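1. kindly generate the corresponding structure for this input.
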Amino acid sequence: MLAGPVLAQQPSDGAPDHQAEIDAAWQAAEKVAIRGPGTVKLLDQAKLQVPASEVFIPAAEAGSIMHAYGNSVGDTFVGLVTGTGDDDQWMVVVDFIKEGYIKDDDAKTWNADDLLSNIREGTEATNKQRAADGYPELDVLGWIEPPTYDAANRRLVWSASGRIRNAPADEPQVVNYNTYALGRDGYFSLNLLTNSGRIEAEKPIARGLLAALGYVPGKRYEDFDGSTDKVAAYGLAALVGAVAVKKLGLLAVIGVFVLKVWKLAAVVLLGISAAIRRFFRRRPSADE
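-> Next comes the predicted model:
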């Protein structure tokens, strides 16, 4: 969804023990990372074509990176994708949520203004808890990109903008650009984390990765068998945060997700660029 600057207290990167853990995590990731152009198998569900100048870090090593920066990952976590260019400061978090076949009928009738109102209401409902937990309150400003559903390819894209309440209007904010690929058993989430000053230039990165993900035969959306397969308890609009809030009563979901991303943003905006420069960008050979 959206998030602000990271405020959770974490060990300083300058602390020797903590820096050693970070370095060890990145070193392990360097050994197993799949550099593009290349193909990555995502569980038993899909394949991802990793573009040139990007790398995929598998779940175990990517999880160690998250842990080194004071973050945790859940059972849905599949891995990370990041760029290796000199100016790259983004990361795509890949998850697979195996909750069943998601009916997409509601995409035909949803209203972007209504969806945004629901996100605002859900965010406001959790602001008191944020304050109690020591986090600042958030304001939802609008769409960075309103929900767009590609019915032919079963892909959803959306992103909302937000700002820490009372923060300067020109202060860059962490942005989550959300993309989803629906399948027979659930969906992949490819969440681009970047900042508000870079999002317009980096949207094509997220969309390119989404297009590069393809389900294997038997796991595609069209392979659904209504007589045997599980159907999700929610429709497509839940992935935008509307039906999940209204019908399932999950107002807390938005708040919990935002708090999670605040911490994850530390990896993206404070640590990733330096780590990628050290461990992934090509070093000149002895002949150069």
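
2. make it CA atoms for all contacts and neighbour counts henceforth
-> Will do.

3. poorly predicted segments of the protein, please.
-> Residue ranges of the chain with pLDDT under 70: 1-17, 70, 242-288.

4. that one: helices as residue ranges?
-> 16-32, 59-68, 112-132, 199-211, 243-246, 251-266, 272-279 (DSSP state H).

5. mind listing what's buried along the fourth one?
-> The neighbour-count check on helix 199-211 (16 or more other Cα atoms under 10 Å) flags 199, 202, 205-207, 209-210 as buried.

6. again, but for the first one
-> For helix 16-32, a neighbour-count test (16+ other Cα under 10 Å) marks 18-19, 21-30 as buried.

7. swap in the third one?
-> By neighbour count with 16+ other Cα under 10 Å, helix 112-132 contains the buried residues 112, 115-116, 118-124, 126-127, 129-130.

8. tell me which of the residues you listed is nearest to Ala238?
-> Each of those was scored against Ala238 by Cα to Cα, and Leu115 proved nearest at 9.6 Å.

9. longest strand in the protein, please.
-> strand 138-150 (DSSP state E).

10. quick one on the thing from earlier: can you redo the buried residues of helix 112-132 as CSV with distance to Leu182?
-> Output for the buried residues of helix 112-132, formatted as CSV (distance: Cα to Cα, whole Å):
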residue, distance to Leu182
Ala112, 20
Leu115, 20
Leu116, 22
Asn118, 23
Ile119, 22
Arg120, 25
Glu121, 27
Gly122, 25
Thr123, 26
Glu124, 29
Thr126, 29
Asn127, 31
Gln129, 32
Arg130, 32
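
11. quick one on the thing from earlier: wait, which of the buried residues of helix 199-211 is closest to Asn191?
-> Of all the buried residues of helix 199-211, Ala206 has the smallest distance to Asn191: 7.8 Å, by Cα to Cα.

12. I'd guessed the closest one sits against Asn176; true?
-> No - the pair Ala206 / Asn176 is not scored as a contact, 10.5 Å apart, by Cα atoms under 8 Å.

13. identify the contacts common to the two.
-> In terms of Cα atoms under 8 Å, 6 or more residues apart in numbering, Ala206 and Asn176 are both contacted by the residues 191-192.

14. now Glu61: closest residue in space that isn't a chain neighbour?
-> Using Cα to Cα, 6 or more residues apart in numbering and skipping the chain neighbours, the partner closest in space to Glu61 is Ala29 (5.3 Å).

15. ok, now how distant is that neighbour from Leu43?
-> According to Cα to Cα, to the nearest Å, Ala29 and Leu43 sit 18 Å apart.

16. circling back: show me what contacts the residue nearest to Glu61?
-> Counting by Cα under 8 Å, 6+ apart, Ala29 has contacts 57-58, 61-62.

17. what's the answer for Gly38, then?
-> Neighbour list for Gly38: 49-52 [criterion: Cα under 8 Å, 6+ apart].

18. now neighbour count and distance to Tyr149 too, for the residues you listed, in a markdown table please.
-> Formatted as a markdown table, the contacts of Gly38 follow (neighbours: other Cα atoms under 10 Å; distance: Cα to Cα, whole Å):
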| residue | neighbour count | distance to Tyr149 |
| --- | --- | --- |
| Gln49 | 19 | 22 |
| Val50 | 22 | 23 |
| Pro51 | 18 | 23 |
| Ala52 | 12 | 27 |
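
19. which pair in those residues has the greatest spatial separation?
-> With Cα to Cα as the measure, no two of those lie farther apart than Gln49 and Ala52, at 9.5 Å.
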